[in-house]
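> starting from these lines, generate the structure:
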Amino acid sequence: MRVRFLTAAAVLALFAHAAMAQVRIGLMVSATGPTSAIGIPQKNTAELLPKTAGNATIEYFQLEDGGDTTRAVQNAKKLIGENNVDAIIGPSTTPNALAILDVIAEAKVPLMATVGTSSVVDPIDAKRRWVFKTTQNDDLIAGALNRNMSKNSVKTVGFIGYNDAYGEVWLNELQAKAPGAGMKVVAVERFARSDTSVTAQALKVVGANPDAVLIVATGSGAAMPQKGLVERGYKGKMYQTHAAATRDLMRIGGKDVEGTWVVSGPALVGELLPDSNPSKNAALDFAQTYEKAYGAGSRNQFAAHSYDAVILLNHALPIALKKAKPGTKEFRAALRDAFEQLGAVPVSHGVLNYTANDHWGFTLTTGVMLKVVNGDWALEK
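All right, here's what the predicted structure looks like:
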């Protein structure tokens, strides 16, 4: 029998591999259903995420919820109970994020929430102290939109948006900030994410004849109400939230979305940012990585939210690994604490600086105004 001897280098490699800790990360997405325009890019991002961080290997477990809150709760329980994950990235939608807060808090597992509303982290309480947002708060991103409306002399505004938590957050922001900006909300219409027509709502908004209309919808679904307004003769300015900042808006909306103002994070337009923007390098890295895998122009701000979560994990994991072993409650707590101690971290969508009292953390360097010009994004100067 022939005996094989390992070289010293091979032995060291084996010991090094055995010594490496393994971290488990759960991924929750809505890659099917009415919010698939958000979930599919996030699902795609999973294929690009690093398999190591410092001294640890990373294993990912991805589950799909179809935008359904019941499935989201089931998935969160499975990731925690069966896969024993150390943290979760996701889910794709605000209702699903709110639905799993109890599960997250009970298990004490850090959640990197990739949703817009601030209600998942504010106010910080026993539930929300385990949640960290990687997206811009709606009120911060709304500030850039409101400033643009004022700059464009908008005095009256119509609203047409989802009849759920995301829509209500934006409606509340609009109604609260409009008077201070010299604007009046003259029409409010809602629709369900699953609706295939908004004819009645569009007619009422057009009848109010506002200077501008704010549409609150996500991904490809954001094109439908805008096309409905244009088809019924609306000629005023159109605004979309950061949930609509995808190329699906232009692909489906065509000429009907030309000239539309869309508020966004900087991740979509890294090459258009000035060198002084702290997110420029991260935004370019994200775009190059994502488009190398999925083609030119495929970058998407929803994918960037998941990408940014891993940037933060890469900073926090080495800190937590010095204090506890992955797979334990002590490690999860150490990871949660590490996020609060990172300081300012540039990501593709801005600069995040979490603290014990602030788990959304974005500074004012986020929130850019884009305009659809000749079927492409242009950055407001």
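
> alpha carbons only for contacts and neighbour counts from here, please
Fine.

> tell me which helix or strand residue 85 sits in.
Residue 85 belongs to no helix or strand when elements are defined using DSSP states H and E.

> again, but for residue 112
Per DSSP H and E: residue 112 is located in strand 111-113.

> for that strand, what is the average pLDDT?
With pLDDT averaged residue by residue, strand 111-113 scores 97.

> mind starting the numbering at 520 from now?
All set: I'll call the first residue 520, so the last point we hit is now strand 630-632.

> check the gap between residue 765 and residue 891 for me.
To residue 891, residue 765 is 11 Å away according to C-alpha to C-alpha, to the nearest Å.

> quick one: least confident helix or strand in the chain?
The helix or strand of the chain with the lowest confidence, counting by mean pLDDT, DSSP states H and E, is helix 527-538 at a mean of 42.

> next helix or strand past that helix?
Remark: after helix 527-538, the chain's next helix or strand is strand 540-548, criterion DSSP H and E.

> hey, C-alpha coordinates of the biggest helix by length in the chain in CSV?
Longest helix in the chain, counting residues (DSSP state H): helix 820-840. Presented in CSV, the C-alpha positions along helix 820-840 are these (Å, rounded to 0.1, in the frame of the first residue of the first chain):
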residue,chain,number,x,y,z
GLN,A,820,-30.5,50.1,-6.0
PHE,A,821,-32.3,47.2,-4.3
ALA,A,822,-29.3,45.0,-5.1
ALA,A,823,-27.1,47.7,-3.6
HIS,A,824,-29.0,47.6,-0.3
SER,A,825,-28.0,43.9,0.1
TYR,A,826,-24.5,44.6,-1.2
ASP,A,827,-24.1,47.4,1.4
ALA,A,828,-25.3,45.0,4.2
VAL,A,829,-22.3,42.8,3.4
ILE,A,830,-19.9,45.7,3.4
LEU,A,831,-21.1,46.4,7.0
LEU,A,832,-20.8,42.7,7.9
ASN,A,833,-17.2,42.6,6.6
HIS,A,834,-16.5,45.4,9.1
ALA,A,835,-18.4,44.0,12.0
LEU,A,836,-17.6,40.3,11.8
PRO,A,837,-13.9,40.5,12.7
ILE,A,838,-14.9,42.4,15.8
ALA,A,839,-17.5,39.9,16.9
LEU,A,840,-15.2,36.9,16.1
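
> which residues sit against the helix or strand following it?
Going down the chain from helix 820-840, the next helix or strand is helix 848-859, by DSSP H and E. For helix 848-859, contacts defined as C-alpha atoms under 8 Å, 6 or more residues apart in numbering pick out 605-606, 627-629, 649, 831, 835-836, 838-840, 842-845, 872-875, 878.

> low-confidence regions, this protein specifically.
Applying pLDDT under 70 to the chain picks out residues 520-538, 883-884, 900.

> that one: helices as residue ranges?
Assigned by DSSP H, the chain shows helices spanning 527-538, 555-565, 588-600, 613-618, 620-626, 657-670, 684-696, 718-727, 742-750, 766-772, 799-813, 820-840, 848-859.

> what's the closest of the ones you listed to residue 577?
helix 820-840 (10.3 Å; C-alpha to C-alpha).

> the closest one - contacts with which helices or strands?
Counting contacts by 3 or more C-alpha pairs under 8 Å, 6 or more residues apart in numbering; DSSP states H and E, helix 820-840 packs against helix 555-565, strand 571-572, helix 848-859, strand 864-866.

> so which of those gets nearest residue 688?
Going by C-alpha to C-alpha, the one of the helices and strands packed on helix 820-840 nearest residue 688 is helix 555-565, 18.1 Å.

> residues in contact with that closest one?
Counting by C-alpha under 8 Å, 6+ apart, 546, 548-551, 579, 581, 585, 611, 737-739, 767, 809, 819, 821-826 sit against helix 555-565.
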